[in-house]
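> return a 3D structure for these sequence lines:
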Amino acid sequence: MNQKQLPPFQWHFLHPKYWGLWIGFGVFRLILCLPYPVLVRIGKGLGKLFASLGFGKRRMRIARRNLELCFPDYTEQQINKILAKNLESVGMAIIETGMAWFWSDKRVLKWSKIEGIEHLRNSGEKGVLFIGVHFLTLELGARIVGLHYQGVGVYRPNDNPLFDWFQFRGRVRSNKAMLDRKDVRGMIKALLDGNAMWYAPDHDYGRRKSVFVPFFAVKDACTTTGTAILLKSAPNSLVVPFSPIRHDDFSGYTVKISPPADIYADEDEVVIATKMNKLVEKEIMRAQSQYMWLHRRFKTRPNKGDPSLYD
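Modelled structure (predicted):
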């Protein structure tokens, strides 16, 4: 992985069926040339537009239910306040994805800073499982970190080959390589080779290779055992979490990298999953309203007949 992977351009991308996507990306890149304060206004507007659409309304109901499950002591006013800010973050995520893929290094550095980069630089020859929970700012956060310390990314290829080409090139700009999230062997090799590898363990991936452990106030949350699998295959690896946080006044971004967590390969997979959820909770609380609450986090249940979650 010493040489950066770049996907080759395919001539069939010029087929008329892709013209709409080319035009869309062209307009998007022109919009991204606008000053950042203007982009903030556009992002907030996109958030309101998202909420007004049928898909957005359904997703916001999911976000509300996730918050109710995780924080049962919160008042309706507190939840509404988080949802309002979360809505802004949803719109900004679209703009920030474009910033991550298309902005110059100089412009990204101008609007960002990083804290705790020494936790990566001092890892020596050890691999680093670099834990990035699903903040709506994650795409841009990965770009910011990559400008200071390059690692290996993990992603899900898009079904549209042209969109996947743009996505891959955008994400690999500041990193060594990208791996398909199903490429477990590639992930293990990256860690054994002493790389920092991006990994997000905080979604519900179904019963396969999962355990049920607490997550905030949810007693039995379906949690991947992927962390345990990777650590046991590359036992000298460190677990280092980070949070990409948008400033409340929209003055820029701070990526906060935490010290290595006390999660080790010789522990039971349930213990590792429980510790990982505690780590994820801590990172989420750094910027609660910027987390991806609209994802259906608790869709897999320990008892399929349990109606206490989304039903």
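
> direction included, what does the longest strand seen in the chain pair against?
In terms of residue count, the longest strand belonging to the chain (DSSP state E) is strand 238-246. In the sheet, strand 238-246 lines up against strand 128-132 (parallel), strand 253-257 (antiparallel) (DSSP bridges).

> off-centre distance for the last one?
The one in question is strand 253-257. 14 Å (CA atoms, centre = their mean, to the nearest Å).

> next, the buried residues of the lengthiest helix in the chain.
When the chain is parsed with DSSP state H, its longest helix is helix 76-102. Within helix 76-102, the residues scored as buried using 16 or more other CB atoms under 10 Å are 79, 82-83, 86-102. All C-beta atoms are positioned from the backbone trio N, CA, C, and that covers glycine.

> so the nearest residue to residue 120 once chain neighbours are set aside: helix, strand or coil?
Distance criterion CB to CB, 6 or more residues apart in numbering; nearest residue to residue 120, sequence neighbours excluded, is residue 149 at 4.6 Å. Classification of residue 149 using DSSP: H, G, I helix; E, B strand; the rest coil returns coil.

> thought residue 149 was touching residue 176?
No - using CB atoms under 8 Å, residue 149 is not in contact with residue 176, being 10.4 Å away.

> residues in contact with residue 182?
Residue 182 is in contact with no residue at all, counting by CB atoms under 8 Å, 6 or more residues apart in numbering.

> on the pLDDT front, check it for me.
Predicted confidence (pLDDT) for residue 182: 89.

> how much space between it and residue 269?
19 Å (CB to CB, to the nearest Å).

> related to what we said a few turns ago, which strands and helices sit next to the longest helix of the chain?
helix 19-31, helix 36-52, helix 54-70, helix 105-110, helix 138-146, helix 161-172, strand 238-246 (3 or more CB pairs under 8 Å, 6 or more residues apart in numbering; DSSP states H and E).

> what residues of the third one count as buried?
When burial is assessed from 16+ other CB under 10 Å, helix 54-70 yields the following buried residues: 56, 59-60, 62-67, 69-70.

> contacts for it, please.
Contacts of helix 54-70 (CB under 8 Å, 6+ apart): 49-51, 74, 79, 82-83, 86-87, 90, 215-218, 293-298, 309-310.

> what about 10 Å?
Outside helix 54-70, the residues that touch it by CB atoms under 10 Å, 6 or more residues apart in numbering are 47-51, 53, 74, 76, 78-80, 82-83, 86-87, 90-91, 215-218, 221, 281, 284, 288-289, 291-299, 308-310.

> about what we covered before: will you turn the strands paired with strand 238-246 into a markdown table that also has distance to residue 33 and mean pLDDT?
As requested, these are exported to a markdown table (distance: least, CB to CB, whole Å; pLDDT from 0 to 100):
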| stretch | distance to residue 33 | mean pLDDT |
| --- | --- | --- |
| strand 128-132 | 28 | 96 |
| strand 253-257 | 19 | 98 |
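
> who wins for proximity to residue 274 among these?
With CB to CB as the measure, strand 128-132 is the member of the strands paired with strand 238-246 nearest residue 274 (14.7 Å).

> circling back to that earlier point, any of the contacts of helix 54-70 buried? List them.
The buried subset of those - by 16+ other CB under 10 Å - is 47, 50-51, 79, 82-83, 86-87, 90-91, 215-216, 218, 221, 284, 289, 291-298, 309.

> who touches residue 107 in this structure?
Counted by CB under 10 Å, 6+ apart, residue 107 has contacts 32-33, 36, 99.

> list the contacts for the residue nearest in space to the middle of the chain?
Centroid-nearest residue in the chain: residue 134, 3.5 Å away (criterion: CA atoms, centre = their mean). Residue 134 makes contact with 200-203, 280, 284, 291-293, 295, 297, according to CB under 10 Å, 6+ apart.

> circling back to that earlier point, tell me the most buried of the strands paired with strand 238-246?
strand 128-132 (a mean of 26; mean count of other CB atoms under 10 Å).

> so how far is stretch 165-176 off the chain centroid?
Per CA atoms, centre = their mean, the centroid offset for stretch 165-176 relative to its chain is 15 Å.

> quick check: buried residues in it?
So stretch 165-176, judged by 16+ other CB under 10 Å, has buried residues 165-176.

> so where does residue 203 fall, helix or strand?
In the assignment (DSSP states H and E), residue 203 maps to no helix and no strand.
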